[in-house]
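*Asks:* Turn this into a model:
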Amino acid sequence: MAATPGSAPRWVTIGLLPLINLLAAFVVAGAYVAFVIGENPFEAAAILIRGAFGSQEGIGYTLFYTTNFIFTGLAVAVAFHCFLFNIGGEGQAYLGGLGVGLVCLYLDFLPFLLVLPLAIIAAGLFGAGWAFIPGYLQAKRGSHIVITTIMFNFIAATLMVYLLVNVLIKPGQMSPETREFAEHTFLPQMHEALGWFGIEFARSPLNLSFVWALICCVFVWVFIWHTRWGYELRTVGANRTAAVYAGISPSKNIILAMFVSGVLAGMMGLNEIMGVNHRIILNFTAGYGFVGIAVALMGRNHPVGILLAALLFGALYQGGFDLAFDMPAISREMVVFIQGLVILFAGALEFMFLPYIKAIFARREPAAQPAEAD
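*Replies:* So this is what the prediction gives:
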């Protein structure tokens, strides 16, 4: 695509600029490792990459974390297309996991082929229900979506503590968690599923919810860019006044955006509750809802970008464990530091390098030929 004078092609702002921002984040992190911690940054990077992608087990763990980030990143992106900053992915994922757990606990007399769709529906409805309330308050009462979704994270955490301590706890135990689900309700892990086709793969927490996450990426792409609802939602996000003039209801689309966002965040419960823990436990969300904000920013709110950004953060999570083990001077908090740098350069400093890129393309433009005199 040709660039207009004084600008850069679209592929630069969509693809090259995020890569430059990511490189800047890693350069700063590498400088910190070299000059503050006193370790070799290239060796640290090699350990991190090898831990994330150097073995089948490492790849499995990386894709397991990636699955969580895909769900929460998509949730943030859908809301942002309606110019809503959904900070409540953590609470919505928490409630989604509760829905999954209730299905597996109380409908375990059903065969797996019925439990699975019911668990998916429950995950979506519980997450959507938790997002619907802030969406309704924003659309009908003018309450700020950032404040209400943050508050609902704390309410969700308190609600889960109450339920696991007083209602759902397994009788005769002190740990605030439910009994283990019936084995036939477990979501098959990827090494088991690949084994059905004669493919050997190392055991890891990676399960079939990863496939569902990829399907959700396709769903979001179709919904946002190829449906009337997605068009109206983007119109409200781009210019609410123009949307009203065109007969589009902002309040309806705000509620719709938050509903779909909550559905996607709630799907994270499939990966954690049905795929790995096989019981409802406290704090299984582990901050994935908040990292999803960075994933959406890094991925430019597009499913393809979110998939790549989720893979990056999944690799940081998995590789960070090996890095902390092989280099004791570098703690697990270093990974959080790198995530913060990625968020800083991909968010607050997103366009810091854009003027220099535009200047490069401006110098490459041929000088305009003066018109010949008649």
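*Asks:* what sits against the residue nearest the centre of the chain?
*Replies:* The residue lying closest to the centre of the chain (CA atoms, centre = their mean) is G73, at 2.5 Å. With contact set as CB atoms under 8 Å, 6 or more residues apart in numbering, G73 has these partners: 292, 295-296, 299, 306, 309-310. In short, each C-beta sits where N, CA and C put it, glycine included.
*Asks:* neighbour-wise, which of these leads?
*Replies:* V295 (34 neighbours; other CB atoms under 10 Å).
*Asks:* Do you know the pLDDT at that one?
*Replies:* V295 is assigned a pLDDT of 91 by the prediction.
*Asks:* That one - nearest residue in space that isn't next to it in sequence?
*Replies:* G73 (3.4 Å; CB to CB, 6 or more residues apart in numbering).
*Asks:* host element of the one you found?
*Replies:* helix 56-81 (DSSP states H and E).
*Asks:* circling back to that earlier point, I'd like to know how far the residue nearest to the centre of the chain sits from M274.
*Replies:* Separation of G73 from M274 (CB to CB, to the nearest Å) stands at 20 Å.
*Asks:* A310 contacts V295, doesn't it?
*Replies:* Yes. Contact status for A310 versus V295: in contact at 5.2 Å, counting by CB atoms under 8 Å.
*Asks:* any shared contact partners between these two?
*Replies:* Contacts common to A310 and V295, judged by CB under 8 Å, 6+ apart, are 69-70, 73.
*Asks:* Just the closest of the residues you listed to G320, please.
*Replies:* F69 (14.0 Å; CB to CB).
*Asks:* ok, that closest one - contacts?
*Replies:* F69 touches 288, 291-292, 295, 309-310, 313-314, counting by CB under 8 Å, 6+ apart.
*Asks:* Just give the nearest non-adjacent residue to it, would you?
*Replies:* A310 (3.6 Å).
*Asks:* go on, G275?
*Replies:* N207 (3.6 Å).
*Asks:* Do a quick rundown of the strands in this structure.
*Replies:* Using DSSP state E, the strands of the chain do not appear at all; there are none.
*Asks:* Show me the shaky parts of it.
*Replies:* Residue ranges of the chain with pLDDT under 70: 1-8, 12-14, 347-350, 364-374.
*Asks:* again, 50 this time
*Replies:* 1-3, 5-6, 367-369, 373-374 (pLDDT under 50).
*Asks:* Tell me where the stretch 51-200 of the chain has helices.
*Replies:* Listed in chain order, the helices of the stretch 51-200 of the chain (DSSP state H, counting those that start in this stretch) span residues 56-81, 89-106, 112-136, 145-166, 190-195.
*Asks:* can you list these in JSON lines and add distance to Q173?
*Replies:* Listed next are the helices of the stretch 51-200 of the chain as JSON lines, based on distance: least, CB to CB, whole Å:
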{"stretch": "helix 56-81", "distance to Q173": "27"}
{"stretch": "helix 89-106", "distance to Q173": "15"}
{"stretch": "helix 112-136", "distance to Q173": "24"}
{"stretch": "helix 145-166", "distance to Q173": "11"}
{"stretch": "helix 190-195", "distance to Q173": "29"}
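*Asks:* Ok, which of the ones you listed comes nearest F181?
*Replies:* The minimum distance between F181 and the helices of the stretch 51-200 of the chain falls on helix 89-106, with 4.2 Å, by CB to CB.
*Asks:* Remind me what that closest one packs against, helices and strands.
*Replies:* helix 56-81, helix 112-136, helix 145-166, helix 250-266, helix 268-269, helix 288-298 (3 or more CB pairs under 8 Å, 6 or more residues apart in numbering; DSSP states H and E).
*Asks:* In the third one, which residues are buried?
*Replies:* When neighbours are counted by 16 or more other CB atoms under 10 Å, the buried residues of helix 145-166 are found to be 145, 148-149, 152-153, 155-157, 159-160, 163-164.
*Asks:* residues near the residue lying closest to C217 once chain neighbours are set aside, how many?
*Replies:* Counting by CB to CB, 6+ apart, P303 is the residue found nearest to C217 once chain neighbours are left out, at 3.9 Å. Neighbour count of P303, defined by other CB under 10 Å: 23.
*Asks:* Pretty sure P303 sits against F223.
*Replies:* No. Judged on CB under 8 Å, P303 makes no contact with F223 at a distance of 9.9 Å.
*Asks:* Now do the same contact list for the closest residue to Q56 other than its chain neighbours.
*Replies:* Once flanking residues are discounted, Q56 sits nearest to A202: 3.7 Å by CB to CB, 6+ apart. Listed by CB under 8 Å, 6+ apart, the contact partners of A202 are 55-57, 60, 191.
*Asks:* Now list the buried members of these.
*Replies:* Counted by 16+ other CB under 10 Å, those give 57, 60, 191 as buried.
*Asks:* Distance check, the nearest residue to the first one once chain neighbours are set aside against L312.
*Replies:* Right, the one you point to is E57. In this structure, E57 finds its nearest non-sequential neighbour in A202, 4.3 Å apart by CB to CB, 6+ apart. A202 sits 22 Å away from L312, going by CB to CB.
*Asks:* what does L17 give?
*Replies:* 15 Å.
*Asks:* What of E232?
*Replies:* Applying CB to CB to E232 and L312 gives a distance of 32 Å.
*Asks:* for A193, same thing?
*Replies:* Taken as CB to CB, the span from A193 to L312 is 25 Å.
*Asks:* what do you get for A119?
*Replies:* 29 Å.
*Asks:* the more surrounded of these two?
*Replies:* A119 (25 against 21).
*Asks:* surely that one meets N271?
*Replies:* No. Judged on CB under 8 Å, A119 makes no contact with N271 at a distance of 11.5 Å.
*Asks:* Can you get me a residue count around the closest residue to Y136 other than its chain neighbours?
*Replies:* Spatial nearest neighbour of Y136, chain neighbours left out: I255 (5.9 Å); criterion: CB to CB, 6+ apart. Number of residues near I255 (other CB under 10 Å) recorded here: 21.
*Asks:* That's all I had, so thanks and see you.
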